[in-house]
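S.K.: Here is my input, please return the structure:
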Amino acid sequence: MDAVDSWWVFPGFRIEQVATGLNKPVNIAMAPRRESGPLLYVSELYGRIRVVTSDCKVSTFVDSLLNYKPDNVLPGSGESGVTGICADPASGDVFASMVYVDDGRPFSKVVRMSTADGMTMTSSKTIVDGIPATFNAHQVQALTIGPDGKLYVNLGDGYGEPEAAQRDDDRRGKVLRLDLDGSVPDDNPAKGSPVFAKGFRNPFGAAWRRSDRSLYITDNGAQSYDRIARVEAGGDYGWPPDMRKGSLFWWTFTQAPTALGFAQDGQFGDLFNDHLFVALAGPARHKVPAMKGKKIVKLELGRDGGAASYDDFIVYAGEGLAMPVGLAFGHDGLYFTDLYGEGDVYGKEPQGNVFRVVRAEGGEGPGKGLRY
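M.R.: Okay, here's the model as predicted:
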């Protein structure tokens with residue numbers, strides 16, 4: 001079965017394969033618009049960032065980012081590595097979050113990488129580090145640059161010490177707000193503190209909604225209550241033990257929500273404008289049919305902040321273990337990663353992909369989409 005044919009897509013849309021042969025592609029960052037060069041960046045979990053050009057050519061932006069060897073146990077101790085990624089539209093610098101090891105212990109950090117042409121890293125600087133981490137996810141996750149030009153960093157609770165999410169002097173279980181050099185802005189909720197909001201368990205995804213200038217995140221629960229929340233300055237989102245406090249929407253059974261994004265530049269037409277799209281990764285070792293995850297869902301948020309509608313938008317129907325994880329809107333459609341593709345969790349033969357969803361003939365959207 002062709003990789004594209006492994007996915008069911010909402011009527012009126014189609015899927016195109018943009019890149020393949022990737023080793024556990026996690027998150028996507030759209031590159032600043034240029035006449036030529038990079039279209040997007042992809043973080044590969046085990047230590048590499050790839051760049052994909054507008055003509056669908058794949059090359060390496062930077063390699064060997066990890067100072068330890070992951071063990072490929074998913075779910076479990078092989079969940080750590082390079083996760084969040086974003087690109088500064090002003091400078092073109094790429095920011096990436098990752099785990100590193102110091103004296104045998106894992107920590108989280110954020111690295112800022114400069115580039116002359118957008119295709120390869122020319123220099124780098126660690127701007128955040130020393131945050132206790134884990135090899136079982138709950139590490140540093142999504143990175144975003146807000147409309148205020150600040151860097152927002154999602155941090156898990158460290159897995160073994162959930163109460164860290166409530167401690168004001170601990171950066172775990174928080175969303176941090178920083179200047180792009182890693183310093184603390186003077187107008188943060190608590191002067192001198194990088195903490196923007198607290199009370200999160202494993203906030204994997206993050207996206208900004210232009211209509212209300214707000215940050216939205218996904219947060220993974222333990223056995224129940226994965227959620228979506230709008231993050232407000234100084235907010236406490238309840239973990240531990242509450243995964244529903246401050247939430248706009250939650251799933252009773254865990255679905256492993258990862259990245260999310262808003263259709264807000266006309267990519268899918270007026271009908272779906274400002275709708276929220278969320279990747280639900282589901283269980284790592286389960287093939288379809290699966291009760292949980294393996295799909296991207298579409299939510300229309302109501303005036304009260306809850307979901308006014310909920311639809312399956314993309315559903316995996318192949319024979320592998322593919323899990324939608326990364327998700328980002330480009331000017332021409334919705335891009336997403338599938339982590340394993342048709343491969344296995346051990347990555348013996350990297351088969352991860354990046355796909356693009358565009359309007360099909362007669363569907364909701366801006367046209368037929370761009371073909372390269």
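S.K.: for residue 349, what are its contacts?
M.R.: residue 343 (Cβ atoms under 8 Å, 6 or more residues apart in numbering). The C-beta positions use only the backbone N, C-alpha and C, and glycine is treated the same way.
S.K.: likewise residue 9?
M.R.: 15, 313, 314, 357.
S.K.: Which positions within stretch 271-285 qualify as buried?
M.R.: 272, 275, 276, 277, 278, 279, 280, 281, 282, 283, 284 (16 or more other Cβ atoms under 10 Å).
S.K.: Tell me which of those fall in strands.
M.R.: Under the assignment DSSP state E, the buried residues of stretch 271-285 contribute 276, 277, 278, 279, 280 to strands.
S.K.: from what I can see the first one touches residue 299, true?
M.R.: It stands for residue 276. Yes: using Cβ atoms under 8 Å, residue 276 is in contact with residue 299, at 4.6 Å.
S.K.: who touches both of those two?
M.R.: Taking Cβ under 8 Å, 6+ apart as the criterion, residue 276 and residue 299 both touch residue 228.
S.K.: just to revisit the earlier point, adding distance to residue 201 and pLDDT as columns, could you present the buried residues of stretch 271-285 in CSV?
M.R.: Below are these laid out as CSV (distance: Cβ to Cβ, whole Å; pLDDT from 0 to 100):
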residue, distance to residue 201, pLDDT
272, 30, 96
275, 26, 97
276, 20, 98
277, 22, 98
278, 17, 98
279, 18, 98
280, 17, 97
281, 16, 95
282, 18, 91
283, 18, 86
284, 18, 82
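S.K.: just curious, which of these is nearest to residue 19?
M.R.: For those, the residue nearest residue 19 by Cβ to Cβ is residue 279; the value is 16.8 Å.
S.K.: ok, so what distance separates the closest one from residue 298?
M.R.: Separation of residue 279 from residue 298 (Cβ to Cβ, to the nearest Å): 11 Å.
S.K.: again with residue 104
M.R.: 44 Å.
S.K.: just residue 173 next, same as before
M.R.: Separation of residue 173 from residue 298 (Cβ to Cβ): 29 Å.
S.K.: more neighbours, the two?
M.R.: Comparing residue 173 with residue 298 by other Cβ atoms under 10 Å, the one with more neighbours is residue 173, at 30 against 20.
S.K.: which residues touch the more buried one?
M.R.: 155-158, 162, 164-166, 198-201, 239.
S.K.: State the pLDDT value of it.
M.R.: As predicted, residue 173 sits at a pLDDT of 98.
S.K.: pLDDT score for the nearest residue to residue 54 once chain neighbours are set aside?
M.R.: Closest residue to residue 54 apart from its sequence neighbours, by Cβ to Cβ, 6 or more residues apart in numbering: residue 39 at 4.6 Å. Per-residue pLDDT puts residue 39 at 96.
S.K.: Check residue 364 too.
M.R.: 53.
S.K.: check contacts around residue 91.
M.R.: Residue 91 touches residue 114, counting by Cβ under 8 Å, 6+ apart.
S.K.: What is the neighbour count of residue 114?
M.R.: 14.
S.K.: centroid residue for the protein?
M.R.: Central residue check for the chain by Cα atoms, centre = their mean: the C-alpha nearest the mean position is that of residue 259, 3.7 Å away.
S.K.: Can you tell me which of the contacts of residue 9 is nearest residue 122?
M.R.: Of the contacts of residue 9, the one sitting nearest to residue 122 (Cβ to Cβ) turns out to be residue 357, at 33.0 Å.
S.K.: Pretty sure that closest one sits against residue 8.
M.R.: No: taking contacts as Cβ under 8 Å, residue 357 lies outside contact range of residue 8: 11.6 Å.
S.K.: any common contacting residues for these two?
M.R.: Residues touching both residue 357 and residue 8 (Cβ under 8 Å, 6+ apart) are residue 314.
S.K.: the more surrounded of these two?
M.R.: Higher neighbour count among residue 357 and residue 8: residue 357, with 26 against 14, using other Cβ under 10 Å.
S.K.: How about the contacts made by the more buried one?
M.R.: So residue 357 contacts 9, 13, 14, 15, 16, 313, 314, 333, 334, 335, 336 (Cβ under 8 Å, 6+ apart).
S.K.: That one and residue 274: what is the separation?
M.R.: In terms of Cβ to Cβ, residue 357 sits 17 Å off from residue 274.
S.K.: circling back: just name the closest of the contacts of residue 357 to residue 60, please.
M.R.: The closest of these, once distances to residue 60 are taken by Cβ to Cβ, is residue 335, at 18.7 Å.
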